[in-house]
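Student: mind looking at a prediction? Sequence and model below.
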Amino acid sequence: MGLLSDPNRRQALSRVVTQLNTPLCIISYLVGTMWFLGLAFQPFTLRSYISENSMGSTMVEEQFVSGERGLSYAREFAAHKKSAGGSPVAWLERTMRGLGLEVYSQSFVRTLPFPDETTERFMVKGTNVYGILRAPRAASTESLVLSVPCSEGQNNNQAVGLLLALASYFRGQIYWAKDIIFLVNEHDLIGMEAWLEGYHDVNVTEIKSSVMLGRAGAIQAAVSLEMSSDVITSFDLVVEGLNGQLPNLDLVNLFYAFCQKNTLLCTIQGKLQRTDFDTFPGYLHSLQTMLIMMLKQGSGRPQGDHGLFLRYHIEAITLRGINSFRQYKYDMNTVGKTLEGMFRKLNNLSERLHQSYFFYLLPCLSRFVSIGIYMPAIGFFILILILRSLDLWIKLRRSDGTAEDGVMDTEQDPRPGILSLATPIVICHATGLSLYYLPVMSQEMATDHFPVSESEAVVLTAIAIYVAGLALPHNTHRVLSGAGSDQGWMTLKLISLLYLAVLLGCISLINFSLGFLLAVTIVPVAAIVQPTGPRALYALLLVLITPATTLLGSIFLYRELIEYPVSLLECWQLFLQAIAGGMLDHYLYGSLLFPFIAFFVYPCWLQLWNVVFWK
Amino acid sequence: MAAPLVLVVLVAVTVRAILFRSSLAEFISERVEVVSPLNSWKRVVEGMALLDLGVSPYSGDLFHETPLILYLFHFLVDYAEIVFMITDALTAITLYLAVKDYNKLMFKKQKLLLELKRYSQEGHDLLRVPTEMYYVPLKVALFYLLNPYTVLSCVAKSTCVINNAVIALFILATVKGSRLLSAVFLSVATYQSLYPITLLPPALLYLLQKEFIPIKMKSPSFWLFSCQYCSMYLGCLCVLVCHSFFLLNSWDFIPSIYGFILSVPDLTPNIGLFWYFFAEMFEHFSLFFVCVFQINVFFYIVPLTIKLKDHPMFLMFMQLAVISIFKSYPTVGDVALYMALLPMWAHLSRFLRNVFIVSCMLIVCTLLFPVLWHLWIYAGSANSNFYYAITLSFNVGQILLVSDYFYAFLRREYHLHHGLYLTKKDGTEATLVLK
């Protein structure tokens, strides 16, 4: 309290804040960036370890040998799938029942708000089939899930085969203490959403599904498997879920431990771990891996079927079998053994996975960066906003005529009226609201009047509103009196900076990557914009850091990082797809990114745009 | 002045009506920041259902509202939304009238003291002028009606709204100098939530001041008046309690309401300081620590009364803040009540030091509550420590705010009497330091 109540010290402090503001901000930005770049550096990361006692070691003797059987199931499944033209529900039910499982199916219907062009879906109809293996040793209070998406074409047949083979093998074992659910879900994420909602008897999206007849206990953990070849060279581990949520690190570690035991190659973000992390190329490699993870996490999109489990408090990962041109291949037996080992370990759990970290970044599979280490990076960016707003506040107080110690000095300017500030803020938010509601609502009108398809109409309307927002608001306050003073824009900027700081703080807690991507772009420009000086430059900078441009840049960066670069035109195409995808994610699964941008970030950015054009 | 007030009320009612009809209403009424086990609407409905079934509503551990509220809503349950909106408007109008009256009185008092030359010549800058005071009552009503905290608790149909209305009526009655009504409303407020009992000293001081009775231990009129007021208060409280007894024909409600408030058995997270401590604590220490925690609410009134005995209204504001910080099941509705009174002290603004930091702190905390709740309860990735950290900083923010106002008030009084520009004995400029 001494620091805040002693007037002399307060004066000293405010002098430091005002006079050293710019250098402090620059230092803060640099430190923040350096801190972030340092995260991937090996000495700053922690070695991952399994903290859950009951999964402590990999001392399990796996005996799964029916890989061949799995392959024959896979061929049979492929034939039935081809003749059924979708998920062969009857065959699956028959086969699972033949293995001795309790079999149920659940049908669902979902009409998308607008047609999805990338996957060509509009009216989605499908059936999930699942079989429950009742635990012989417990009272069906807890369960584990192994899920495989039944995708179109020739994909994932082997995964279904392996699922059936594992089911038949697990059926013969006596040590299960948790029910195991074997799930084949149709239409990947939509089916998964329907199944999860049905299982928990909630309806958070507008999906319609039939009543679920059979349940096992509370789901403790889930593994989603994707595999499209008879042999694989490596496994790719996918962790990023809906809204950037991640599974408990123990589950990741468990998988990694079994991969090491069975000498399986495993990758993350498609990148193999390098042994030379202390060299510069090694460092770059881990930085790349971490950046890909952050871009995926920041998109808030579930990267695999496991992503929807996380919302229900269920730890889940997706394993993707990769068959590349490497020499050494692994057969179904090894893959099955790995899964068997994981399930036996999960079977030992006596409580939910909670011991290890939930917030982490993975520069490689064996090392991680925990929340305590990466949070300061964004903390430094938010510090810039706080320093700038303190500076503005002190300046405003001074021009208000009140000196530090309660003594009035000078005549004061007329204060900006509440109307001149409230109007731009309200208009910015109204634009944000229309950005959220109009595109989907007006798609029919757009398709009537323009030669575009529905999904194009939605995306183009969104872009049009977004751009129109730039022209709209900065003309309104001129008619109001008292708006011309310096105090007007300073107050508006102060509000915007604090608003931005709060937004970034909140979102970085939920989805660090998204918060960081927004912060690293918006913060420096937000700190410098003002209506005096090189206005055109400020306007250009603001356009360059608007969330839409950030998205475009992120797509470009992502394609560069996965070594699949795109030209500018393709990037634009991907950008349009990403906008449609982001909206669909929101309507289908409840992803927060689209409303977050439309309701908060975009209006906040428009306020800054207003500051630049303040007259 | 009436027109803007009507406008504000209309806007407020519209906002509430829209929110009642939107899908947000259900979400809001589940928020732990907005409803507590004491005042949640869901529990009131449950209590009414139990009453209809002929079961004592206090037999389980669900219902903790008072019998009078139960019977009130038994008649009004179909109009609950309108009742809550009207209650909010009533509170705002009551506060408006109270503040208007109080300001008039203060202006008179200031004039008197000025004529008596009690104020230092240099301190005249600090005197309040009618033009500044003109909009204060309207601002108070505005602060109450459009404060998001109030809107939230009204939309959640938290019965805290009714407690606020009673306290506002009590303030109005006190300011008007009606000792019977003041005692009646104070006893209703006490009956509702127990803690307003600590508002007795400020009300008594105010009424004494209004009657020009000197506050001296030796003066018989002081004792007579105090006894009168206290007996009115106690009598009314007795009537209320007995009335409740005859309504339900059992004393069940005493332990279920007042025991529940004092012994804090429900540790659902809220914005208060209790839940985390008592969730962590060993059972056999809990009695001691309950006493330690509860003493906060009741004890601070003693030093505050001694220090602020000439300014009972400010004392009342301080005590309202103390109650809302330290009570066992606080909600944002309680915070809204004392925040509505902040414009009354707008003349202190030049002496306030940390308003910017504190208001940022409060806003940030308010927004972080749902975020961390989401991470803890839904995502399962954070834990109770995260949420409690925000609770702590929210309360620290409130305490800083209140102490800042307290300091500013004392400082202004000092400057009024000793002049604005202080000099040391050797003639150099002096500064006041609070350490």
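Tutor: Great, that's in hand.
Student: any stretches of chain B with poor pLDDT?
Tutor: B:1, B:424-425, B:427-435 (pLDDT under 70).
Student: show me what from it comes close to chain A.
Tutor: B:125, B:350-351, B:353-354, B:356-357, B:360, B:363-364, B:367-368, B:371-372, B:374-375, B:378-382, B:407, B:411, B:415, B:420-421, B:431-435 (CB under 8 Å from any CB of the partner chain). No exception for glycine: its C-beta is placed from N, CA and C like everyone else's.
Student: is chain B within reach of stretch A:208-225?
Tutor: No. Counting by CB under 8 Å from any CB, chain B has no neighbours in stretch A:208-225; the shortest distance is 12.1 Å.
Student: put the alpha carbons of that stretch into CSV.
Tutor: Output of stretch A:208-225 as CSV, limited to C-alpha atoms (Å, rounded to 0.1, in the frame of the first residue of the first chain):
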residue,chain,number,x,y,z
LYS,A,208,-31.6,-34.6,-34.0
SER,A,209,-30.8,-38.1,-33.0
SER,A,210,-32.7,-41.2,-31.9
VAL,A,211,-32.8,-42.1,-28.2
MET,A,212,-29.8,-44.0,-27.0
LEU,A,213,-30.7,-47.4,-25.6
GLY,A,214,-27.6,-48.6,-24.1
ARG,A,215,-25.0,-46.9,-22.0
ALA,A,216,-21.9,-47.9,-20.0
GLY,A,217,-20.6,-45.9,-17.1
ALA,A,218,-19.0,-42.5,-17.1
ILE,A,219,-16.4,-42.3,-19.8
GLN,A,220,-12.9,-41.9,-18.4
ALA,A,221,-10.8,-41.7,-21.5
ALA,A,222,-11.2,-42.2,-25.2
VAL,A,223,-8.9,-43.1,-28.1
SER,A,224,-9.9,-42.4,-31.7
LEU,A,225,-8.1,-44.4,-34.3
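Student: distance from stretch A:140-156 to the middle of the chain?
Tutor: Distance, stretch centre to chain centre, for stretch A:140-156: 22 Å (CA atoms, centre = their mean, to the nearest Å).
Student: could I get the buried residue list for that stretch?
Tutor: Buried positions in stretch A:140-156, judged by neighbour count with 16 or more other CB atoms under 10 Å in any protein chain shown: A:142-151, A:156.
Student: can you list those residues in JSON lines and add pLDDT and distance to chain B?
Tutor: As requested, the buried residues of stretch A:140-156 are exported to JSON lines (pLDDT from 0 to 100; distance: CB to the nearest CB, whole Å):
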{"residue": "A:E142", "pLDDT": "90", "distance to chain B": "16"}
{"residue": "A:S143", "pLDDT": "92", "distance to chain B": "17"}
{"residue": "A:L144", "pLDDT": "92", "distance to chain B": "17"}
{"residue": "A:V145", "pLDDT": "93", "distance to chain B": "17"}
{"residue": "A:L146", "pLDDT": "93", "distance to chain B": "21"}
{"residue": "A:S147", "pLDDT": "92", "distance to chain B": "20"}
{"residue": "A:V148", "pLDDT": "92", "distance to chain B": "25"}
{"residue": "A:P149", "pLDDT": "90", "distance to chain B": "24"}
{"residue": "A:C150", "pLDDT": "84", "distance to chain B": "29"}
{"residue": "A:S151", "pLDDT": "79", "distance to chain B": "28"}
{"residue": "A:N156", "pLDDT": "85", "distance to chain B": "29"}
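Student: mind putting the residues you listed into a markdown table with secondary structure?
Tutor: Below are the buried residues of stretch A:140-156 laid out as a markdown table (DSSP: H, G, I helix; E, B strand; the rest coil):
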| residue | secondary structure |
| --- | --- |
| A:E142 | strand |
| A:S143 | strand |
| A:L144 | strand |
| A:V145 | strand |
| A:L146 | strand |
| A:S147 | strand |
| A:V148 | strand |
| A:P149 | strand |
| A:C150 | strand |
| A:S151 | coil |
| A:N156 | coil |
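Student: closest residue of chain B to chain A?
Tutor: Here chain B gets closest to chain A at one residue, B:S381, 3.4 Å apart by CB to the nearest CB.
Student: just checking, that residue touches A:Y360?
Tutor: No. B:S381 is beyond contact range of A:Y360, at 10.3 Å (criterion: CB atoms under 8 Å).
Student: what's the overlap in contacts for the two?
Tutor: By CB atoms under 8 Å, 6 or more residues apart in numbering or on different chains, B:S381 and A:Y360 have these common neighbours: A:L246.
Student: taking the buried residues of stretch A:140-156, tell me the two that lie furthest apart.
Tutor: A:E142 and A:S151 (29.1 Å; CB to CB).
Student: isn't A:S168 right up against A:L99?
Tutor: Yes. A:S168 sits in contact with A:L99 when judged by CB under 8 Å, with a separation of 4.6 Å.
Student: re earlier: doesn't the residue of chain B closest to chain A belong to a strand?
Tutor: No. Counting by three-state DSSP, B:S381 is not part of a strand but coil.
Student: show the contacting residues for the closest residue to it other than its chain neighbours.
Tutor: Spatial nearest neighbour of B:S381, excluding adjacent residues (CB to CB, 6 or more residues apart in numbering or on different chains): A:F358 at 3.4 Å. A:F358 makes contact with A:246-249, B:379-382, according to CB under 8 Å, 6+ apart.
Student: what about A:F358, distance to A:L39?
Tutor: Distance, A:F358 to A:L39, using CB to CB, to the nearest Å: 17 Å.
Student: next one: B:C360
Tutor: From B:C360 to A:L39 the distance is 28 Å (CB to CB).
Student: kindly list the longest strand within chain A.
Tutor: Counting residues, the longest strand found in chain A (DSSP state E) is strand A:102-116.
Student: surely A:S434 meets A:I465?
Tutor: Yes. With contact defined as CB under 8 Å, A:S434 counts as touching A:I465 (5.7 Å).
Student: tell me who's in contact with B:R43.
Tutor: B:37, B:62-65.
Student: in a markdown table, list the residues you listed along with neighbour count.
Tutor: Formatted as a markdown table, the contacts of B:R43 follow (neighbours: other CB atoms under 10 Å in any protein chain shown):
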| residue | neighbour count |
| --- | --- |
| B:P37 | 21 |
| B:L62 | 15 |
| B:F63 | 27 |
| B:H64 | 24 |
| B:E65 | 27 |
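Student: noted, bye for now.
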